[in-house]
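Q: Pasting a predicted model and its sequence here:
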Amino acid sequence: MSNQNPVFIPGPTNIPDRLRLAMQVQTQDHRAPDFVEAFAPALEGVKKVFGSTEGQIVTFPSSGTGGWEAAITNTLSPGDKVLVARHGVFSHRWIDLCQRHNLDVHIIDCPWGTGAPADQFQSILAEDTAHEIRAVLVTHNETATGVRSDVGAIRAGIDAAGHPAMLMVDCVSSLASMPFEFDSWGVDIAVSGSQKGFMLATGMAILCVSPKALAAVDSARLTRTYFDFRDMMQANASGGFPYTPPLQLICGLKESLAMLFEEGLDNVYARHFRLAEGVRRAASAWDLSLVAQSPDLYSDTVSAIYVPDGFDSNALTDHAFNAYGVSFGIGLGQLNGKAFRIGHLGSLTDVMVLSGLATIEMAMVDLNYPIALGSGVAAAQEYFRENGSGRALAAA
């Protein structure tokens with residue numbers, strides 16, 4: 001039996017053969033001149049994906065969680081107050097990380113299916129006349145619920161409150177798949193990873209850091225060694241690394257950027273919207289509700305879908321894997337057993353998404369879900385036919 005491909009989880013994503021081959025490099029000397037020739041252009045290319053000309057790119061051999069630890073330990077001190085909304089598993093994980101580092105975490109609890117509330121951020125910051133809150137933490141794309149938060153609106157709220165807090169954003173499951181505007185949104189630190197929109201293996205945390213955040217590094221007193229920005233930036237300035245780098249991932253990142261720029265970032269974002277909308281049309285045809293409570297919150301990289309009352313979403317994802325060899329995302333946290341997730345990011349096409357919809361549809365019919373076989377696939381097909389890349393080819 002061949003290895004499963006594609007997967008329909010919200011990361012790690014499918015790795016194109018072009019990138020698998022790019023990562024299949026022999027051991028090289030990371031202190032040799034040819035390493036510099038590969039690494040420095042990759043850092044510059046990543047800036048474009050973040051939407052930044054002013055930010056400094058910093059990478060670490062890690063997942064996105066390590067990137068978040070780097071973000072807070074390089075800019076904050078024990079007891080510093082941070083403001084964060086909790087509206088899903090991953091926003092909660094950043095809260096837990098901050099609490100373990102002895103930060104004073106002010107939590108806005110929001111219903112799952114909603115986004116980070118810009119109005120509440122603004123109100124709380126306006127009341128903080130002593131400017132005790134040092135940072136606002138936002139999950140741009142909550143992977144557990146399929147919800148996108150409006151980072152630009154949150155920055156507008158911070159500015160309207162006249163508050164100097166840094167804005168830190170988790171964009172692990174959105175970067176290189178959905179528009180991200182680091183400079184125009186006034187982000188101070190954005191954290192992503194190699195294994196989602198960049199379509200690579202897990203193992204590289206990728207951060208963009210503003211001049212304001214860099215200025216906070218020298219006065220920050222949280223302990224860091226491995227994740228020290230200063231060590232990494234000093235080594236990067238001469239094209240090197242302070243310790244052994246993830247060479248294969250760096251080679252893959254260079255090729256991933258080439259693929260993204262060849263397609264064009266606007267086209268990448270349009271493709272992700274199209275694939276997501278096809279999935280949403282299928283869910284509507286099944287008469288199943290998204291966890292995201294309104295269209296302005298819909299993620300273009302993952303859709304979390306409630307199963308009907310009396311059904312177990314874990315049984316559905318297990319059956320899809322056991323019967324058809326295809327993986328879908330399970331419900332996390334409060335959604336465990338109540339919802340499943342379809343990841344539609346990275347290396348995917350209309351046709352690949354249709355195969356995933358057909359598979360989960362078969363699994364639902366096998367388990368006596370009240371849906372008509374073919375209904376969701378047909379809805380997505382109609383949308384793709386009218387809006388997909390095939391229409392452009394036909395017109396050429």
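A: That came in fine, so what should we check first? Numbers count the residues shown, from 1 in each chain.
Q: which stretches of the stretch 251-396 of the chain have low pLDDT?
A: 389-396 (pLDDT under 70).
Q: how about the helices in it?
A: In the stretch 251-396 of the chain, the helices defined using DSSP state H, counting those that start in this stretch lie at 265-285, 313-324, 350-366, 375-387, 389-395.
Q: ok, the residue nearest to Val105 when sequence neighbours are not counted - how many residues close by?
A: For Val105, ignoring the flanking residues on the chain, the nearest one in space by C-beta to C-beta, 6 or more residues apart in numbering is Cys98 at 4.9 Å. Heads up, the C-betas are built off the backbone N, CA and C, glycines and all. Other residues within reach of Cys98, judged by other C-beta atoms under 10 Å, total 22.
Q: ok, Cys98 - contacts?
A: By C-beta atoms under 8 Å, 6 or more residues apart in numbering, the contact list for Cys98 reads 72, 82, 84, 105, 137.
Q: cool, and Met168?
A: So Met168 contacts 71-72, 135-138, 187-191, 213 (C-beta under 8 Å, 6+ apart).
Q: State the pLDDT value of it.
A: At Met168, the model reports a pLDDT of 98.
Q: likewise Gly240?
A: 83.
Q: ok, so what distance separates it from Arg230?
A: Distance from Gly240 to Arg230, counting by C-beta to C-beta, to the nearest Å: 14 Å.
Q: before we move on, back to that, got the contacts of Met168 as CSV, with neighbour count and pLDDT columns?
A: Shown next, in CSV, are the contacts of Met168 (neighbours: other C-beta atoms under 10 Å; pLDDT from 0 to 100):
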residue, neighbour count, pLDDT
Ala71, 29, 98
Ile72, 26, 98
Ala135, 23, 98
Val136, 25, 98
Leu137, 27, 98
Val138, 27, 98
Val187, 29, 98
Asp188, 25, 98
Ile189, 31, 98
Ala190, 31, 98
Val191, 28, 98
Ala213, 25, 98
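Q: Identify, from those, the entry nearest to Tyr324.
A: Comparing those against Tyr324 with C-beta to C-beta places Val191 closest, at 34.5 Å.
Q: quick one, phi/psi of Thr202?
A: Taking degrees, to the nearest 10, you get phi -70, psi 150 for the backbone angles of Thr202.
Q: surely it meets Pro12?
A: Yes - assessed by C-beta atoms under 8 Å, Thr202 is found in contact with Pro12 at 5.4 Å.
Q: between the two, which one's more packed in?
A: For Thr202 versus Pro12, neighbours defined as other C-beta under 10 Å are more numerous around Pro12 (19 against 15).
Q: for Arg280, what are its contacts?
A: So Arg280 contacts 290, 298, 303 (C-beta under 8 Å, 6+ apart).
Q: Just among those residues, which is most surrounded?
A: With neighbours defined as other C-beta under 10 Å, the most crowded of those is Ser303; it has 28 neighbours.
Q: Bridge partners for that residue, pull those for me.
A: Residues in a beta bridge with Ser303, per DSSP bridges, are Ile342.
Q: I'd assumed Leu290 was in contact with it.
A: Yes - contact status for Ser303 versus Leu290: in contact at 6.0 Å, counting by C-beta under 8 Å.
Q: who touches both of these two?
A: Residues touching both Ser303 and Leu290 (C-beta under 8 Å, 6+ apart): 146, 280, 283.
Q: For the first one, give its distance to Ile107.
A: Right, Gly146. 22 Å.
Q: same thing with Ala323?
A: Relative to Ile107, and taking C-beta to C-beta, Ala323 is found at 41 Å.
Q: Next, format the helices of the stretch 251-396 of the chain as JSON lines and append distance to Glu255.
A: Converted to JSON lines, those look like this (distance: least, C-beta to C-beta, whole Å):
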{"stretch": "helix 265-285", "distance to Glu255": "15"}
{"stretch": "helix 313-324", "distance to Glu255": "30"}
{"stretch": "helix 350-366", "distance to Glu255": "20"}
{"stretch": "helix 375-387", "distance to Glu255": "28"}
{"stretch": "helix 389-395", "distance to Glu255": "22"}
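Q: Relative to Ser256, which of those helices is closest?
A: Among those, helix 265-285 comes nearest to Ser256, with 11.2 Å by C-beta to C-beta.
Q: chain center to that closest one: distance?
A: Its chain's C-alpha centre and that of helix 265-285 lie 16 Å apart, by C-alpha atoms, centre = their mean, to the nearest Å.
Q: quick one, that helix and helix 375-387 angle?
A: 150 degrees (axes from the mean of the first three to the mean of the last three C-alpha atoms, to 10 degrees).
Q: Could you list the buried residues of helix 265-285?
A: Within helix 265-285, the residues scored as buried using 16 or more other C-beta atoms under 10 Å are 268-269, 271-283, 285.
Q: Check these against Asn387 and report the nearest one.
A: Arg274 (5.7 Å).
Q: thought the closest one was touching Asn387?
A: Yes - Arg274 is within contact range of Asn387, at 5.7 Å (criterion: C-beta under 8 Å).
Q: mind checking how far the residue most central in space within the chain is from Gly264?
A: Central residue of the chain (C-alpha atoms, centre = their mean): Ser173, 1.2 Å from the mean position. Note on Ser173: its distance to Gly264, by C-beta to C-beta, is 21 Å.
Q: got it, and Arg221?
A: 44 Å.
Q: can you check Ile133 too?
A: Separation of Ile133 from Gly264 (C-beta to C-beta) stands at 39 Å.
Q: How about Thr225?
A: From Thr225 to Gly264 the distance is 40 Å (C-beta to C-beta).
Q: who has more neighbours, those two?
A: Set Thr225 next to Gly264 and count neighbours by other C-beta under 10 Å: Gly264 wins out with 11 against 7.
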